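Peer 1: Sequence and computational prediction follow.
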Amino acid sequence: MDMKVCKRRKTTKVPPPAELLDELVTEILLRLPVKSLLRFKSVSKAWRAIISDPFFIRSHLRQSASRWRQNPSLLVTPHTLEHVIEGEPWPSTFSTDISFYQWQQPSSEEEESEARFVMHTDDFLEEFNSVCYFAHCDGLVVAPTNTNVYLFNPATRDAMRLPINDRNKMYRYVACLLVGLGRDPCTGRHKVVRAFYRSRDPLTGVHDMGMEVFTVGVDSDSWREITPNPLYPVAEWITPVFAKGALFWIIEKRGLDPSARGILRLSLDDESFSVTHLPDSLDPALDESFILDEVHGELFLTAFSSSELSWRKPLNIWTLVEQDTRWEHRYTLDISGMAHPVALLPGGGAMIVRASHYISRYDLQTHEIDTICELDRLTYQHDGTPEEDAGSGQEIFYFNVIPYTESLVRI
């Protein structure tokens, strides 16, 4: 019987289209941390082009923001004093070294809380002697000092000193000018906004103030003054908060007649000012005793539940809804003292809050609070090697602590 021999047909594998390979590479790169992406830029010209593409940078930022919601992290900068001068309202002996450390909630109770080194710069020798509260947006950080304003991307380790001008006429009255940072929702450009003083009315004490803007990547050597002027002067020492395409500033009400029951809003697309009214349910006696924070893209207003004297008063938290026209009461925290809401943990049953140098986990169902980090007792990791606790050998004055989403955004 003749046997038929079946010959296996040779097949030639067709390589996937180059476009598909590029898509796969892009999807993989989007999930990597910034530190790895900076190294991978040198792999090939194609990879460098992908990682440097503005669309990739925006997509990677969205991925980072999504990961942050699952596992929030903070950027911590300890500020030390070279020495203490008694009687100073704000110290003038700050160290000019600025270091950034990233802190994340420990994954288990047994895991030690530590802060991982991100960026350190010490090239500001004798450039300033006072540092104020930082502003942040999309992985960028603005640090105002008594002389200069510095812009950082701690993840890429890029830094720049913003231009100096002479618009402010009242240097002797303030240590640092108020500086905010946000993103223009129309152009996607990041804007640094600084308030400055022209004069002070000797009878009422009300300041005549202006504001100026520096557009990152567009303005190279100058600030641009915003016209017309802000509707009201803004409070000293309180950094404006960016949310929903605008910067929100607390109004300085001393001497104002009539007073304003609201907060100053600066839209970053058309650079126009308006007033956002305070929540109707906020005790009028607390109109000057609240704080603002951005949490997951929303503006939070936190205030005590009443103005009555008591050692333990719950905190009420409102969020701004309906195109900045209505406040919604969202949470009540049964804790003592003022605290900043930082993040909602996955599932929405707990919140991370910060008060002074304590970071805590607050259970929204049981109202129990557990301290998960004391900033002055953290182990600060530098290139994998533990450093001494913050403040060892120098006087710690305070910590700048901001929510941190790493990004490739260029400055």
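Peer 2: Sure thing, it's come through.

Peer 1: could you list every residue that touches N400?
Peer 2: L75, V76, T77, H79, V131, Y133, F134, A143 (CB atoms under 8 Å, 6 or more residues apart in numbering). All C-beta spots, glycine's among them, are computed from the backbone N, C-alpha and C.

Peer 1: L231: what's it in contact with?
Peer 2: Per CB under 8 Å, 6+ apart, neighbours of L231: A260, L264, F273, S274, V275.

Peer 1: my guess is the third one contacts V234, does it?
Peer 2: No: the pair F273 / V234 is not scored as a contact, 10.6 Å apart, by CB atoms under 8 Å.

Peer 1: Need the single longest strand in this protein, by residues.
Peer 2: When the chain is parsed with DSSP state E, its longest strand is strand 190-200.

Peer 1: Determine the set of other helices and strands touching that one.
Peer 2: strand 140-144, strand 149-153, strand 179-183, strand 207-215 (3 or more CB pairs under 8 Å, 6 or more residues apart in numbering; DSSP states H and E).

Peer 1: report the angle between the axes of the last one and strand 190-200?
Peer 2: Which is strand 207-215. Put simply, strand 207-215 runs at 160 degrees to strand 190-200, going by axes from the mean of the first three to the mean of the last three CA atoms, to 10 degrees.

Peer 1: can you list the residues that contact the helix or strand just after strand 207-215?
Peer 2: Proceeding N to C from strand 207-215, the next assigned helix or strand is strand 224-225, under DSSP states H and E. The list of residues contacting strand 224-225 from outside it, by CB under 8 Å, 6+ apart, reads R167, G210, M211, E212, V213, F214, T215.

Peer 1: Mind checking what helix or strand follows the helix or strand bottoming out on mean pLDDT in the chain in sequence?
Peer 2: Taking mean pLDDT, DSSP states H and E as the measure, the chain has strand 385-386 as its least confident helix or strand, at a mean of 53. Heading C-terminal from strand 385-386, the first helix or strand you meet, by DSSP H and E, is strand 395-403.

Peer 1: Throw the contacts of L231 into a markdown table and include pLDDT, thanks.
Peer 2: Output for these, formatted as a markdown table (pLDDT from 0 to 100):
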| residue | pLDDT |
| --- | --- |
| A260 | 86 |
| L264 | 96 |
| F273 | 96 |
| S274 | 95 |
| V275 | 94 |
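
Peer 1: Buried only: go through the residues you listed for me.
Peer 2: The neighbour count (16 or more other CB atoms under 10 Å) marks A260, L264, F273 as buried among the contacts of L231.

Peer 1: which ones among the residues you listed are found in strands?
Peer 2: Filtering the buried ones among the contacts of L231 for strands - DSSP E - leaves L264, F273.

Peer 1: out of the buried ones among the contacts of L231, who's nearest R69?
Peer 2: L264 (28.8 Å; CB to CB).

Peer 1: What's opposite the closest one in the beta bridge?
Peer 2: W249, V275 (DSSP bridges).

Peer 1: Which one of the contacts of strand 224-225 is nearest to R312?
Peer 2: Nearest member of those to R312, counting by CB to CB, is M211, at 39.0 Å.

Peer 1: ok, for the closest one, nearest residue in space, not its chain neighbours?
Peer 2: Excluding its sequence neighbours, the residue lying closest to M211 (CB to CB, 6 or more residues apart in numbering) is I226, at 4.6 Å.

Peer 1: From E212, how far out is that neighbour?
Peer 2: 6 Å (CB to CB, to the nearest Å).

Peer 1: Now for these two: what residues contact both?
Peer 2: By CB under 8 Å, 6+ apart, the residues touching both I226 and E212 are V193.
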